Each structure stands twice: as structure tokens, then as C-alpha cells.
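> Okay, here's the prediction I keep looking at, along with the sequence it came from:
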Amino acid sequence: MELTSIKGRIPKELYAILEKEITKLRPAQEKSVKKGLLNGRSLLVCTPTASGKTLIAELAALKSIIEGRGKAVYIVPLKALASEKYKDFKRRYDKIAKIALSMGDIDSADPFLADYDLIVTTSEKLDSLIRHNSPWLSGIATVIVDEIHLLNDHERGPTLEILLTILKQLLKNAQFIGLSATIGNAKELAEWLSADLVVDEWRPVKLHKGIYLNGEIEFY
């Protein structure tokens, strides 16, 4: 699918940025658009690493922000990943959205976030913000969960599950976008998230599997 095919469906400011970097949508991105990504549909996207999942989230978040429907939160499991995503989003979208990073003291309500559009945070920090009753939370229109398969992690999973359960109740009209490279029970998770499932196996570099022994690799 050519990027030009969605030109009239996303804000012109967003399109002007994207057209400088891409000309075609990758398979998972095309499938997501066809599943209703740009119409506010919640999606669970399960595709290999580097297949374009982040752009799917960016399209949903920036469209909602620019059109005035509400804020977006991008939830990641690690502080290092939060910093990386913040820098990437800041570099690309700083001229069309106010982007913030929140991952510090979990006992702080971070009231300054009320002035920002796209907030990158960890699940633990967002859980704390909810417990502090941060008033701006009701203005969230898009919730993005990166590495959502960590719901099955014995350490981070419980916090993330409770967080999503609360957000689903708090933000009944929000669009939820779950991103993961591997999920064993994708269909069940999509149903729990009330989301459409997007699955694709395309990757930019073909993956070869093999066994390494004594300095040689035998592929199979």
C-alpha cells in the first residue's frame, strides 16, 4: 500500500513528516489500516521485530492528538526503552505535538503532564499516576502498550494487567493498541483487550535458523 493512499485520512501535518521518510506502508501497517486503525479501532498487532509496529502506534496517536480527540500514552516495560522512544518521537514529531517522558519518582503526580500530548512512560509509573488521581488522565484518547506479551511475565505482568484493566474502565472510548513480536495466545488476548487482531510474518531481513557447532552452522 502506497503512503499516498492514506493521505486524505491523516492530518496533513503528519503526512508531511512521514512522506520524507517512507513511500510505502509495510504489510502489518497496511493490515492495520484495513482493520480500522485510522477509524479509532483498537488493535493487537503481532508481527516480527522491525516490521513497522511503532509506526502503527504513531499513526493512531498523532491522528488523535492533531484532530483534538485527546492525549496519547505510550507504555513501555523499561526505562531505557522509554528514553529511546521519547528521543525518537521528539526528533520526528516535536513540531506537531508536545511530547513528554515520565518515568521518575513513582510517588509524584507529575501535574506538568497536563500540558503534553504524547506521554511516554512505564507501566509502573502510569500505575502510580492513576493512584494519584492525576486529572489529565481522563483526557487520554489513545493507549499504546509496547511489548504487551509481558502480561505473562511473573514480575511485570500483574502490574500491567491491573493497569490495563483500570484503563479500560476509566477510558471506555479510548483506542487501545497492543504491540508484540510474539504472543502464544494472541486471539484470547485480543478478545480480552476488545481489539481486532493483526498478525503478519513479514520481516525486513529474512530469518534463517540453524545450529552452530565447532565453528560451523548447519541451517534447516
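Happy to help now that I have it.

> now residue 70: how far from residue 200?
Distance, residue 70 to residue 200, using Cβ to Cβ, to the nearest Å: 28 Å. (Glycine included, C-beta is placed from N, CA and C.)

> Residue 61 now?
Residue 61 is 21 Å from residue 200, by Cβ to Cβ.

> Show me where the chain has its strands.
Here the chain has its strands, by DSSP state E, at 43-46, 71-76, 99-102, 118-122, 140-145, 175-180, 196-199, 210-213, 216-219.

> Would you mind putting the ones you listed into a markdown table with distance to residue 55 alongside?
Compiled in a markdown table, those are given as follows (distance: least, Cβ to Cβ, whole Å):
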| stretch | distance to residue 55 |
| --- | --- |
| strand 43-46 | 10 |
| strand 71-76 | 13 |
| strand 99-102 | 16 |
| strand 118-122 | 14 |
| strand 140-145 | 12 |
| strand 175-180 | 11 |
| strand 196-199 | 13 |
| strand 210-213 | 31 |
| strand 216-219 | 31 |
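
> Between residue 61 and residue 200, which has more neighbouring residues?
When neighbours are counted by other Cβ atoms under 10 Å, residue 61 comes out ahead of the other of residue 61 and residue 200, with 28 against 19.

> The more buried one contacts residue 74, correct?
Yes: with contacts counted by Cβ atoms under 8 Å, residue 61 reaches residue 74, the gap being 7.0 Å.

> tell me, what's touching the two both at once?
118, 144 (Cβ atoms under 8 Å, 6 or more residues apart in numbering).

> May I have the beta-bridge partners of the residue sitting nearest the centre point of the chain?
Centroid-nearest residue in the chain: residue 144, 3.6 Å away (criterion: Cα atoms, centre = their mean). Here residue 144 sits in beta bridges with residue 74, residue 177, going by DSSP bridges.

> so where's the protein uncertain?
105-106, 202, 204 (pLDDT under 70).

> what about the helices in it?
In the chain, the helices defined using DSSP state H lie at 12-18, 27-34, 53-66, 79-93, 123-131, 157-170, 186-193.

> want to throw those into TSV with distance to residue 148?
Formatted as TSV, those follow (distance: least, Cβ to Cβ, whole Å):
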stretch	distance to residue 148
helix 12-18	24
helix 27-34	15
helix 53-66	10
helix 79-93	13
helix 123-131	10
helix 157-170	8
helix 186-193	7
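
> For residue 44, which of the ones you listed is the nearest?
Evaluated over these, closeness to residue 44 peaks at helix 186-193, with 4.2 Å, by Cβ to Cβ.

> List of residues touching that closest one?
Contacts with helix 186-193, where a contact means Cβ under 8 Å, 6+ apart, come from 42, 44, 46, 148, 151, 164, 168, 176, 178, 180, 183, 196-197, 199.

> tell me the contacts of the nearest residue to residue 23 once chain neighbours are set aside?
Once flanking residues are discounted, residue 23 sits nearest to residue 3: 5.6 Å by Cβ to Cβ, 6 or more residues apart in numbering. Counting by Cβ under 8 Å, 6+ apart, residue 3 touches 15, 18-19, 22-25.

> how much space between residue 115 and residue 16?
To residue 16, residue 115 is 24 Å away according to Cβ to Cβ.

> now swap in residue 150 and tell me
According to Cβ to Cβ, residue 150 and residue 16 sit 35 Å apart.

> now do residue 37
19 Å.

> Of the two, which one has the most company?
It is residue 37, of residue 37 and residue 16, that has more neighbours when counted by other Cβ under 10 Å, with 26 against 11.
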